[in-house]
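1. everything below, folded, please.
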Amino acid sequence: MDFHHMKDEFEIHKLAEQYADAANRVDVALFRSLWTADAEWIIGPPISRQFVGLDNVVAAFEHLLGSWDFFVQLSTSAHITVHGPTATANFYVNEIARGWPDGTNSNFNLARYTDALVKVDDRWRFQKRDYRVLYLDQTPLTGTAFRAE
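-> Residues are numbered from 1 along each chain as shown. Predicted structure coming up:
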């Protein structure tokens, strides 16, 4: 593996970490910057929705993540394959979320993103993210949530 290939893999890992950070902080500007103009975001069951075009992807992000009392996504292992200016990747994530302070509408899951990526202006961007829940537990989370300032 040469330097450029290792650099591409590092930058794609960084992109996934920025995605998790944007989700955790509901940072719309950062989230938008991670996608191509022709972005596609597929969210499998139990949501089962597809969003096409950058503006639609960003609007879905704002709606979905803005509704949680708290939300944390932890990006874990990955498999990345680089093909010049394009790449594919699988990222595994753990998410913990709660919709209302009384613990109802809680969500603990393990999921996988299957991604198509493109290098645009020397920066990697998500062109397509296909999100599939692998395990879901909706037992009420009754602990205390602290908002990050």
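2. which residues does residue 139 contact?
-> By CB atoms under 8 Å, 6 or more residues apart in numbering, the contact set of residue 139 is 106, 108. C-beta coordinates here come from the backbone N, C-alpha and C atoms, glycine included.
3. and what of residue 145?
-> Taking CB under 8 Å, 6+ apart, we find residue 145 in contact with 69, 70, 98, 101.
4. what about the last one, which SS state?
-> Put plainly, it is residue 101. In terms of secondary structure, residue 101 is coil; the call rests on DSSP: H, G, I helix; E, B strand; the rest coil.
5. thinking again about what came up before, neighbour-wise, which one of the contacts of residue 145 leads?
-> residue 98 (22 neighbours; other CB atoms under 10 Å).
6. show me what the helix or strand residue 124 falls within is packed up against.
-> Element membership of residue 124 [criterion: DSSP states H and E] is strand 123-137. For strand 123-137, the contact count by 3 or more CB pairs under 8 Å, 6 or more residues apart in numbering; DSSP states H and E identifies helix 3-25, strand 35-43, strand 106-120 as packing neighbours.
7. in strands, which of the contacts of residue 145 appear?
-> 70, 98 (DSSP state E).
8. ok, of the contacts of residue 145, which one's closest to residue 87?
-> residue 70 (31.8 Å; CB to CB).
9. ok, and the closest non-adjacent residue to the closest one?
-> Excluding its sequence neighbours, the residue lying closest to residue 70 (CB to CB, 6 or more residues apart in numbering) is residue 145, at 4.0 Å.
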